[in-house]
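1. please find the sequence and the predicted model below.
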Amino acid sequence: MRKLILSELIILFFATAFTGNPPQGWYLQVLPRTDVTITGISFLDSLKGWAVAKINTNDSGLVIITTNGGNNWNVQQKGDYLPYALQMLSASIGYIVGLGLDGSCSFHKTTDGGVQWTRLNVLSGVGMLNNLFFINKDTGWVCSSEDFFDGGVFKTTDGGMNWTRQLDPNTKPNCLFFLNSDTGWVGNKDIHGKLYRTTNSGVNWDLQYTFPQQVNDIYFFNAIRGVVSSGFSSYTTNGGANWIQTNDGGIKLSFADDSVGWAGNNFIEIIKTTTGGRTWFRQTTNASNPSVSAFDSLKAWAGGGSKIVHTIDGGPISAIQTNTEIPSKYILKQNYPNPFNPTTTINYELRVTNYVTLKIYDLQGREVSTLVNENQTAGSYSVDFDSNQFNLSSGIYFYSLEAKDFRDTKKMILIK
């Protein structure tokens, strides 16, 4: 009896401890059960969100919901299917795709915010659906990467009641993104991932690019700027005709705006960008292979493994090692751009392995942020500073690097 009471008190503590003053960085939220693997997450605002999961102890799926930003998660539905992806279009309408226990595809729809999830018996003969993208309540696409007769890309214009196949199974489609009703992209799961593009709502698809690895996710800001995760992430500035590989890679992409975004990594990390996908840095979490849902540049949720984590400050900032060649001396370089708004990059070089701190101060000498506070090997490093995370006003700020017997400070100017 005493053990039961103690367990209940511990659960109550974790369920309420972070409602007043949440910790910095990414922190764990309490789920209604732990024998699950989170496969998708979708937030409409800073309070209301949904997640789907596979129950590890049996062949079934779970839908959970929060109405207070994840301080409490509640089971909304338990079903006889394995969910793989979730998209909520509004507080009422949403879709889940996956695999039914009978081996056929699973497509569920809600029109009441998830009070009821109805399986639509469509797409006969099609196996697992692994992704979806709806542009409104009626028009959307789903894909199945199953080989041979039962895969492909399918389109609906009546909310999932009827479907038309637009790409055949040989394309092995793995992910989808549509900019509008006409323009969209599909990435496939070949060893050398292919990117297909349509400009006529999927009637025709053209092979646009081939990547070194399978395409995991796609995001476009507009018709010319986009990001793809395929091993390392890549970005385009000409609509996808050419791609530039970046310094890191993730799996599922989520952007808050045209600069700030996150991607789940293969382990217990999330990578973040403040440059629209041109550069990335890593943030450690407790969620493995997470899907991310970004609300704004500070608030985001990530679900993976049996955990959901949340940040209200954009997550911790980390330095990226850009070169392992050993420099001849310590160097702290001038930030660029300078003046800046809202982000700038700071580069530095370490002659030997040392414990390093890099801190930001205001004009009065008060510490604004600690960007680096860890042991680092000799080499060259780069770290991004995002002033939006600290609600800073225009003015002069200083950044200071310390490593053993080395210290240097430089001035930077924020202009809003």
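-> Sure thing, it's come through.

2. low-confidence bits of the stretch 201-350 of the chain, can you list those?
-> By pLDDT under 70, the weakly predicted segments of the stretch 201-350 of the chain are 266-268, 284, 286-287, 317-318.

3. what ranges does this structure have for its helices?
-> Along the chain, the segments classed as helices by DSSP state H run 2-16.

4. which stretches of the stretch 51-200 of the chain have low pLDDT?
-> Ranges of the stretch 51-200 of the chain meeting pLDDT under 70: 148-149.

5. buried residues in stretch 62-81, which are they?
-> Residues 62-66, 69-73, 76-77, 79, 81 are the ones in stretch 62-81 that count as buried (16 or more other Cβ atoms under 10 Å). In short, each C-beta sits where N, CA and C put it, glycine included.

6. now stretch 375-385
-> For stretch 375-385, a neighbour-count test (16+ other Cβ under 10 Å) marks 376, 378, 379, 380, 381, 382, 383, 384, 385 as buried.

7. all strands for the stretch 301-416 of the chain, in order.
-> With strands called from DSSP state E, counting those that start in this stretch, the stretch 301-416 of the chain shows them at 307-311, 320-323, 331-332, 343-350, 354-361, 367-376, 379-386, 395-403, 406-414.

8. what is the first one packed up against?
-> It refers to strand 307-311. Counting contacts by 3 or more Cβ pairs under 8 Å, 6 or more residues apart in numbering; DSSP states H and E, strand 307-311 packs against strand 27-29, strand 36-43, strand 300-304.

9. CA atoms only: put the last one into PDB for me.
-> Included here for strand 300-304 are C-alpha records, laid out as PDB according to Å, rounded to 0.1, in the frame of the first residue of the first chain:
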ATOM      1  CA  ALA A 300       8.000  22.800 -30.500                       C
ATOM      2  CA  TRP A 301       7.200  19.200 -29.600                       C
ATOM      3  CA  ALA A 302       9.000  16.000 -30.600                       C
ATOM      4  CA  GLY A 303       7.800  12.500 -30.200                       C
ATOM      5  CA  GLY A 304       9.800   9.300 -30.600                       C
END
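
10. could you list the paired strands of that strand along with their orientation?
-> strand 291-294 (antiparallel), strand 307-311 (antiparallel) (DSSP bridges).

11. identify the residues contacting the last one?
-> By Cβ atoms under 8 Å, 6 or more residues apart in numbering, the residues outside strand 307-311 that reach it are 22, 25-29, 31, 38, 41, 51, 69-70, 73, 285-288, 290, 298-303.

12. could I have the CA atoms of it written out in PDB?
-> What follows is strand 307-311, C-alpha atoms only, in PDB (Å, rounded to 0.1, in the frame of the first residue of the first chain):
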ATOM      1  CA  LYS A 307       8.500   9.700 -25.100                       C
ATOM      2  CA  ILE A 308       7.300  13.200 -26.000                       C
ATOM      3  CA  VAL A 309       9.600  16.200 -25.300                       C
ATOM      4  CA  HIS A 310       8.800  19.900 -25.500                       C
ATOM      5  CA  THR A 311      10.700  23.200 -25.600                       C
END
